[in-house]
Structures are given as C-alpha cells and as structure tokens.
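Novice: Take a look and give me a structure for this.
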Amino acid sequence: MEWLKKDNILNGVLMGVMTFISTYYLISGADWLRTKLLNFSPILIAPKLQLLMVFMNMLLFRWLIITKQQMDKGRGVLLITFVVTLIYVYSHKVRI
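Specialist: Residues are numbered from 1 along each chain as shown. Below you'll find the predicted structure:
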C-alpha cells in the first residue's frame, strides 16, 4: 500500500472513483435497509444521491489539498468530479 501514499494524479483519480462507488453503495444500501426493515418509503432518489456523491468527492478534494498538502492527488479527484458533474448535467438535461 506504499503506492497509495504517493502524490500523483493517477492515485487521485483512483481515490475519486472509489469515493463515488463507496458513497453510492453505502448510502443506497442504508436507504434500502431502511425501506425493507422499517417499511418507509425511499428518501434518496437518483438525482439526490448523485449530488450527494459529488459533494463527498468535493470534501475529499478539500481534505487532500488543505490538510494533506497533496496537490496532484487533489487534481485527480477534481478531474473525476468535474467529469462526473458534466455527465450529470448532460444526462439530466440541466439548463445552465
């Protein structure tokens, strides 16, 4: 795991993608359990969940840039966040 400590853009991209995936499965799994066990209606529909995933990536970006002083990793996370945000805007036909 020594390669994860290196400050390069590829590690940032990998961290950004893993944050998106883990946030999606963690939040949607909790919502699914809440729906099945407590018989409540689901709270997080797809657009809300996707925006929450972007928010979590921005928190990771801020933590890498300010706290850890790892600029290249932060740039990788920002790149993934930017690409996913563009895909979100295009797929939901958001007018800018």
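
Novice: low pLDDT regions in the protein?
Specialist: 96 (pLDDT under 70).

Novice: Which single helix of the chain contains the most residues?
Specialist: helix 9-38 (DSSP state H).

Novice: which secondary structure elements does that one contact?
Specialist: Packed against helix 9-38 by the contact rule (3 or more CB pairs under 8 Å, 6 or more residues apart in numbering; DSSP states H and E) you find helix 46-62, helix 71-91. C-beta: built from backbone N, CA, C; applies to glycine.

Novice: tell me how far the longest one is from the chain's mean position?
Specialist: Centre-to-centre, helix 71-91 and its host chain are 9 Å apart (CA atoms, centre = their mean, to the nearest Å).

Novice: Most remote residue from the middle of this structure, which is it?
Specialist: Asn39 (27.8 Å; CA atoms, centre = their mean).

Novice: ok, now how distant is that one from Lys48?
Specialist: Look at Asn39 and Lys48: by CB to CB, to the nearest Å, they are 21 Å apart.

Novice: What of Phe82?
Specialist: 20 Å.

Novice: And for Leu78?
Specialist: 22 Å.

Novice: Compare the helices and strands packed on helix 9-38 and give me the one nearest Glu2.
Specialist: helix 71-91 (14.6 Å; CB to CB).

Novice: Which residues does the closest one contact?
Specialist: With contacts defined as CB atoms under 8 Å, 6 or more residues apart in numbering, helix 71-91 is touched by 7-17, 19-20, 50-51, 53-54, 57-58, 60-61, 64-65, 94, 96.

Novice: buried set for the longest helix of the chain?
Specialist: 9, 11-16, 19-20, 23, 27, 31 (16 or more other CB atoms under 10 Å).

Novice: ok, now stretch 44-51?
Specialist: 44, 49-50.

Novice: How far away from the center of its chain is that stretch?
Specialist: 12 Å.

Novice: Start at 604, not 1
Specialist: Happy to do that; since the first residue is 604 now, the last one works out to stretch 647-654.
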